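Q: with the input below, show me the fold.
(chains A and B)
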Amino acid sequence: MRMRDEAELVERVLRGDESSFETLLHPYRKGILNMAYQITLNAEDAKDISQEAVVKAYKYLKKFQKTKNFKNWIYKITANAAYDFLRKQRSDRNLINEKERMGLESKSSPEEYYHNREIKEKIEFCLHGLSPKEKIVYMLRDIKEFSIKEASQTLNISSQSVRTHLSRARRKIRSQFEILNQKTGGANEL
Amino acid sequence: MNCKKTRRLLPLFAGEDLPVNKASRVKAHLNECPLCRKEYEHYRYLLNKTRNWIRSETTEWGDKEWQSAVKKAVKSKSFKNRIFIPLSFKPAWAVSVMLIIVIAFSVFIMNPTFIKKESQASQSPALQSKESQKAVELTLVSQETGHKIKWILNKEFNLEEEIK
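A: A predicted model of the protein is given here:
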């Protein structure tokens, strides 16, 4: 959808045409949900986050500057909703996640591990230990390919802070990846 | 740049997230140091691998779920019948400052004491002294003799002149 069309749709929604809101968001419905899903790796949590993002998008639509890119704006809202969710979840689910993760190290053989949960489990393992901020910075920069500046604007932190969190995240992922390699007998080796 | 410093910067260099000057120094070191280069290649591989893993994880909205998500958002707030559209931050400040200036200016100009002082200043000194001196004029007439006495009082009601 072109920027001009989006600006017109935004204007229509603000004038009270509620049906235009769905038309405006439709091209991004998959992107919003997948962004949330790739951050949480849980379909239900992802839908909750996406719902929150859609509500916020409607609520703050009048603050959207029509000269800006709507796609970036909606992804920023989703990223912030996901970040809030991760912060909240961290305190609630630390213990459960820890037990789930340990399943890999104690009971399952590498073969079973690969065949049962495969990629999802690998990602969970690699991202384990990242703080909510490190995770969201990593997701924005490495997965969604936001620039450092865009990530800093999205999270309201400095570019230097984004770089620091990103560096830490990549380092942690690397060390988890090394452990994963040892457990799986180097199946992911270079 | 030595190996220790280079390896500290490798996670950012691998994702092309270093400022140009630092990146060129890291690059120069990597050209000379095979161990650091291997480490760098490992980071690049890791970035691509995790990126591919994560991107392969996708999910879908059911049509009903999506429609209900949008409906919920629309129900949460209404833009219909908006009489007053709030100004964005910067125009609101500009309008406020203009209003303050206009109010201050009008208070200064419309101040009654200021106007009075202005009009007094425009009168001649002779007239001013006359005005200030001659506040009240009283004429007393005797009913028996028909004799007249005229008192001229100043502003403080002190007798200025008596004309018989």
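
Q: pLDDT weak spots in chain B?
A: Along chain B, the parts satisfying pLDDT under 70 run over B:78-90, B:111-135.

Q: what helix or strand is the residue nearest the centre of it located in?
A: For chain B, the residue sitting closest to the mean C-alpha position, by C-alpha atoms, centre = their mean, is B:Trp93 at 3.3 Å. Secondary-structure assignment from DSSP states H and E places B:Trp93 in helix B:89-110.

Q: give me the helices and strands touching that helix, please.
A: Counting contacts by 3 or more C-beta pairs under 8 Å, 6 or more residues apart in numbering or on different chains; DSSP states H and E, helix B:89-110 packs against no other helix or strand. For every residue, glycine as well, the C-beta is placed using N, CA and C.

Q: change it to 10 Å
A: Contact here means 3 or more C-beta pairs under 10 Å, 6 or more residues apart in numbering or on different chains; DSSP states H and E; on that basis helix B:89-110 packs against helix B:112-122.

Q: A:Thr164: what's it in contact with?
A: Neighbouring residues of A:Thr164 by C-beta atoms under 10 Å, 6 or more residues apart in numbering or on different chains: A:133-134, A:137, A:157-158, B:12.

Q: which of the residues you listed has the most neighbours?
A: Each of those was scored for neighbours by other C-beta atoms under 10 Å in any protein chain shown, and A:Val137 scores highest at 30 neighbours.

Q: element containing the residue nearest to B:Asn31 when sequence neighbours are not counted, please.
A: Counting by C-beta to C-beta, 6 or more residues apart in numbering or on different chains, B:Asn31 lies nearest to B:Arg37, which is 7.9 Å off, once chain neighbours are set aside. If you go by DSSP H and E, B:Arg37 is part of helix B:34-56.

Q: following the chain onward from that helix, which element is next?
A: Taking DSSP H and E, what comes next after helix B:34-56 is helix B:63-76.

Q: mind listing the helices in chain A by residue range?
A: Along chain A, counting by DSSP state H, helices occupy A:3-14, A:19-25, A:29-40, A:43-59, A:70-106, A:110-116, A:118-127, A:132-138, A:148-155, A:159-183.

Q: list the residues that contact the nearest residue to A:Ile143 once chain neighbours are set aside.
A: Leaving aside its chain neighbours, A:Ile143 sits nearest to B:Ile54 (5.2 Å; criterion: C-beta to C-beta, 6+ apart). Taking C-beta under 10 Å, 6+ apart, we find B:Ile54 in contact with A:34, A:37-39, A:41, A:119-120, A:122-123, A:126-127, A:138-139, A:142-144.
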